[in-house]
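Chemist: curious how this folds, go ahead:
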Amino acid sequence: MAKKRKLKKKAKTLLGILAAVVLALCVFAGWKIYQSSVRRAEIQQIYDSLALAADEAELRVDCGSAFDIENAVQYTDGTLSAEGTVDTNTIGTYPIVLKLSKETSFGETVTREFPVNVEVIDNTVPEITLNQDVMEVRLGTEDADLDSNIVLVTDGKDGDLARSDTEAPGSYCITTDADYSSAGEYTVTVTALDLDGHRTEKDFRLVVNAADETTNPYRIRINRELNTVTVYALDKDGTYSVPLKAMVCSTGGATPVGVFYTFNRGEWRALFGGVYGQYVTDIVGDILFHSVPYYSMNKGDLEYLEYNKLGTKASMGCIRLCVADALWIFQNCPIGTEVEIYDDPSNPGPLGKPEPIYIDPESEIRGWDPTDPSPENPWNN
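Modeler: Next up, the predicted model:
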């Protein structure tokens, strides 16, 4: 009997333990369910809070320009990332997936995706850069070199545009109503058309000058062999026999011999080799009077090593001068001035050959022509 009571007591104890275990398991399961519910609620709350607004205007990008997707969107929370690439050099539509991410208190990452399209468009027009707004030519000129007044025609997407005789995509052309047999002012129009049909026009004035050699105050003679320039003035009989001014210059292998008449000029001109000349006067074809070249259209950016070659053959064919001498011709010798280029190895000219100025390559102001009258010229201070 006692043994039976012991077995009943033991069974009750086991049932109590089992009930406690079951209760503990139920509590743990309930806690896990609660935690999962809280976790899901937090994830949903964070997901709903991740908001992003895209600026449609910023998602339209000009071809060839810089683009940063972060500049096109606004958001208040989360970490932004993007999947996909945009080639801003190629017109088209590029799908991008924007992602905002944020961590929960449980260490999980919640991510919300926002698909957008970035459109690369060609919204730019070609740019036309001229040497000057007014070009002068001599009366009777057979065919003025209008191209000499064009520095650059370029497009942001297509690059530099080619010269064409007619208006065509990817090129530019020149038209004018000029009559070179009649003195007066005419209009020259440069028309550029990129490959996407964007069009630009720019005009400049063409002055056909009636001046001839009998009304010009000076005649210029260039000794190609000894690299000197002599300017002659009129005497009382109306002939150019009075030596007025001598200049040292640099000629080149393509400098022609003969008699020519100036037909154009400009304060700056793009030269062969990606350099620039100041105070340019056209003599014949591509042969010009101009300063020693500059690396850019900046008076302080002189090719000083080339400057130290004045007095020797150093150009491709143009007549290089110091700035003061190029400026003198630019200001004092009208369009139509006679220029004679000749060879004389024994006599530089009636006024001799001036001594060129030397620029010390170590000088801090070597980028300036010492003769430039500009008030900014450090040589003048």
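Chemist: from now on I want contacts and neighbour counts done on CA atoms only, so please keep to that.
Modeler: OK.
Chemist: ok, and what's touching stretch 144-163?
Modeler: Contact partners of stretch 144-163, identified using CA atoms under 8 Å, 6 or more residues apart in numbering, comprise 63-64, 89, 122, 124-132, 135, 137, 170-174, 192, 194-195, 263, 269-270, 285.
Chemist: got the contact list for the closest residue to residue 168 other than its chain neighbours?
Modeler: Excluding its sequence neighbours, the residue lying closest to residue 168 (CA to CA, 6 or more residues apart in numbering) is residue 193, at 6.4 Å. The contact partners of residue 193, by CA under 8 Å, 6+ apart, come to 126, 167, 168, 169, 170, 171, 172, 199, 200.
Chemist: among those residues, name the buried ones.
Modeler: Buried residues within these, defined by neighbour count using 16 or more other CA atoms under 10 Å: 126, 167, 168, 169, 170, 171, 172, 199, 200.
Chemist: let's see which of these end up in helices.
Modeler: When those are checked against helices (DSSP state H), there are no matches.
Chemist: let me know the closest of those to residue 370.
Modeler: residue 126 (38.1 Å; CA to CA).
Chemist: nearest spatial neighbour of the closest one, chain-adjacent residues omitted?
Modeler: Residue 126's closest residue in space is residue 155 (CA to CA, 6+ apart), at 4.3 Å.
Chemist: partner residues bridging that neighbour?
Modeler: Each beta-bridge partner of residue 155 is listed here: residue 159, as defined by DSSP bridges.
Chemist: residue 223 now?
Modeler: Under the criterion used here (DSSP bridges), residue 223 is bridged to residue 228, residue 342.
Chemist: my read: it touches residue 343, true?
Modeler: Yes: with contact defined as CA atoms under 8 Å, residue 223 reaches residue 343; the gap is 5.3 Å.
Chemist: neighbour-wise, which of the two wins?
Modeler: residue 223 (22 against 15; other CA atoms under 10 Å).
Chemist: so what's the more buried one up against?
Modeler: 229, 341, 342, 343, 344, 348, 349.
Chemist: mind checking the pLDDT average for stretch 272-281?
Modeler: Rounded to a whole number, the mean pLDDT of stretch 272-281 is 94.
Chemist: what number of residues are in the vicinity of residue 44?
Modeler: Taking other CA under 10 Å as the definition, residue 44 ends up with a neighbour count of 12.
Chemist: can you tell me the SS state at it?
Modeler: State at residue 44, reduced to three classes by DSSP: H, G, I helix; E, B strand; the rest coil: helix.
Chemist: contacts only, for it.
Modeler: Listed by CA under 8 Å, 6+ apart, residue 44 has no contact partners.
Chemist: let me know the pLDDT of it.
Modeler: In this prediction, residue 44 carries a pLDDT score of 84.
Chemist: what about the strands in the stretch 1-150 of the chain?
Modeler: For the stretch 1-150 of the chain, applying DSSP state E, counting those that start in this stretch gives strands covering 52-54, 60-62, 73-75, 79-83, 92-103, 109-121, 127-130, 134-138, 150-155.
Chemist: would CSV of those with distance to residue 233 be doable?
Modeler: Putting those into CSV (distance: least, CA to CA, whole Å) gives the following:
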stretch, distance to residue 233
strand 52-54, 73
strand 60-62, 58
strand 73-75, 72
strand 79-83, 75
strand 92-103, 66
strand 109-121, 61
strand 127-130, 33
strand 134-138, 20
strand 150-155, 33
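Chemist: and those strands, which is most packed in?
Modeler: strand 134-138 (a mean of 23; mean count of other CA atoms under 10 Å).
Chemist: can you pull out the helices in this structure?
Modeler: Across the chain, reading from the start of the chain, the helices by DSSP H fall at 2-49, 304-307, 323-332.
Chemist: next, the buried residues of the last one.
Modeler: Taking 16+ other CA under 10 Å as the neighbour-count basis, helix 323-332 is seen to contain the buried residues 323, 324, 325, 326, 327, 329, 330.
Chemist: pull the contacting residues for the last one.
Modeler: Listed by CA under 8 Å, 6+ apart, the contact set of residue 330 reads 265, 279, 280, 281.
Chemist: in JSON lines, list these along with distance to residue 100 and neighbour count.
Modeler: JSON lines is the format used below for the contacts of residue 330 (distance: CA to CA, whole Å; neighbours: other CA atoms under 10 Å):
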{"residue": "265", "distance to residue 100": "61", "neighbour count": "27"}
{"residue": "279", "distance to residue 100": "60", "neighbour count": "23"}
{"residue": "280", "distance to residue 100": "60", "neighbour count": "24"}
{"residue": "281", "distance to residue 100": "64", "neighbour count": "27"}
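Chemist: what is the nearest of those residues to residue 301?
Modeler: Using CA to CA, residue 279 is the member of the contacts of residue 330 that sits closest to residue 301, with 15.1 Å.
Chemist: for the closest one, which non-adjacent residue is spatially closest?
Modeler: Ranked by CA to CA, 6+ apart and with sequence neighbours excluded, the top spatial neighbour of residue 279 is residue 267, at 4.3 Å.
Chemist: so the one you found makes contact with residue 289?
Modeler: No: checked against CA under 8 Å, the pair residue 267 and residue 289 is beyond contact range at 11.3 Å.
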